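Trainee: here are the coordinates; sequence isn't available:
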């Protein structure tokens, strides 16, 4: 495996994305870039838009009704729920048309909300990025 130099900023970001102590930086990057296994790298783009672990993410981008979203941002915990295709955040008077507009409102600047929000995967008993709903189940 080839070695690459990374800045302290990149290393801190990778550490913040680590899902387990055993996960290497390489594993984190493979997950973040949705590369899947090394033999399936070419197939990655074809594997978007299908359901994942029983959740019904549709190609049109509609999130499952009742899906709960979580995020800690600037030491504040945010909890949101998908209701009637919109994002309702606890203790907010505003309803959002998308997870993207909700995340951008909270941060005050544009973010990739697929990577920003997390949901709890009951099957795997861990928090996962919302982006994982866009991935195909795989083999």
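Mentor: Received the coordinates, thanks. Just so it is clear, the model here is predicted, and its values are computed rather than measured.

Trainee: longest strand of this protein?
Mentor: strand 76-83 (DSSP state E).

Trainee: partners of that one in the sheet?
Mentor: Within its sheet, and counting by DSSP bridges, strand 76-83 is paired with strand 68-73 (antiparallel), strand 86-89 (antiparallel).

Trainee: neighbouring contacts of the first one?
Mentor: Yep, that's strand 68-73 we're talking about. Here strand 68-73 makes contact (Cβ atoms under 8 Å, 6 or more residues apart in numbering) with 77-82, 87, 99, 102-103, 106-107, 116-120, 127, 130. For the C-beta atoms, the positions are set from N, CA and C on the backbone; glycine is no exception.

Trainee: and the helices in this protein?
Mentor: Using DSSP state H, the helices of the chain run over residues 8-17, 25-32, 99-107, 113-116.

Trainee: per-residue confidence averaged over the longest one?
Mentor: Taken as a whole, helix 8-17 has an average pLDDT of 86.

Trainee: what do you get for the second one?
Mentor: Helix 25-32 shows a mean pLDDT of 85.

Trainee: enumerate the positions of it that are buried.
Mentor: Neighbour-count burial for helix 25-32 flags 28, 30-31 (criterion: 16 or more other Cβ atoms under 10 Å).
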